[in-house]
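Undergrad: take a look and give me a structure for this.
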Amino acid sequence: MLDAVVLAIALSMDATAVAAACGAAGVSTSMALRMAAVFATFHVAMVSIGWSIGHVAESWVEPWDHWIAFALLAVIGGKMVVSAMRSEVVAPPVGWRVLLGLAFATSLDAVAAGVTLPLVDAPELVVIALIGGVVFVFVLVAARIGALLGDRFGRGLQIAGGLAIIGLGAKLLLDHLG
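TA: Sure, this is the predicted structure:
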């Protein structure tokens, strides 16, 4: 079961970082809950897809997942930086389209993780539920902490968050290429 907990925490890290960056732009508690629900739902869906179609999905997704994640995260992070630099009032960058893009980009690695579920020493459905729960809690907490810090540090923190999202995309790309 320890393997399942470690897997759940590892899969939640990208979403947690993105949630903190978005939270820095100022999100309400209801938006943080919405973010947590969407990110958790995407992670559960992606892990389930990986589990369901196994190696077929892995061979189709693996050659492209890092490029897709990089492109989405670079565009979204770049938009955050540009938005922060252009205006004094920075709106949270979490409309539905952006939120779905972020959730998709940060959950792509969950497909590959789903393929490995039979190797984890716990029932697959328990692991999938654990992943969803951990992602939900981590994203919710990160978005709220980001919002609290954003109130103090404003635009600078949103620029840093946008750059962090771009950096995360670059790291995902370099990890797969290197």
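
Undergrad: which SS class is residue 167?
TA: Here residue 167 is recorded as helix under DSSP: H, G, I helix; E, B strand; the rest coil.

Undergrad: got the contact list for it?
TA: Residue 167 is in contact with residue 77, counting by CB atoms under 8 Å, 6 or more residues apart in numbering. Yep, even glycine has a C-beta here, placed from its N, CA and C like the rest.

Undergrad: repeat for the one 5 residues further on
TA: For residue 172, the residues meeting the contact criterion (CB under 8 Å, 6+ apart) are 14, 66, 69, 70, 73, 109.

Undergrad: apply 10 Å and report the result again.
TA: The contact partners of residue 172, taken as CB atoms under 10 Å, 6 or more residues apart in numbering, are 14, 65, 66, 67, 68, 69, 70, 73, 105, 106, 108, 109.

Undergrad: can you tell me the helix or strand for it?
TA: Under the criterion of DSSP states H and E, residue 172 resides in helix 124-177.

Undergrad: circling back to that earlier point, emit the PyMOL select command for whichever of the contacts of residue 172 are buried.
TA: Only the buried entries of the contacts of residue 172 go into this PyMOL selection, using 16 or more other CB atoms under 10 Å:
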select buried, resi 14+65+66+69+70+73+105+106+108+109
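
Undergrad: helices or strands up against the helix or strand of the chain with the lowest mean pLDDT?
TA: Across the helices and strands of the chain, the lowest-confidence element by mean pLDDT, DSSP states H and E is helix 109-115, at a mean of 78. Contacts defined by 3 or more CB pairs under 10 Å, 6 or more residues apart in numbering; DSSP states H and E place helix 109-115 against helix 2-24, helix 29-86, helix 124-177.
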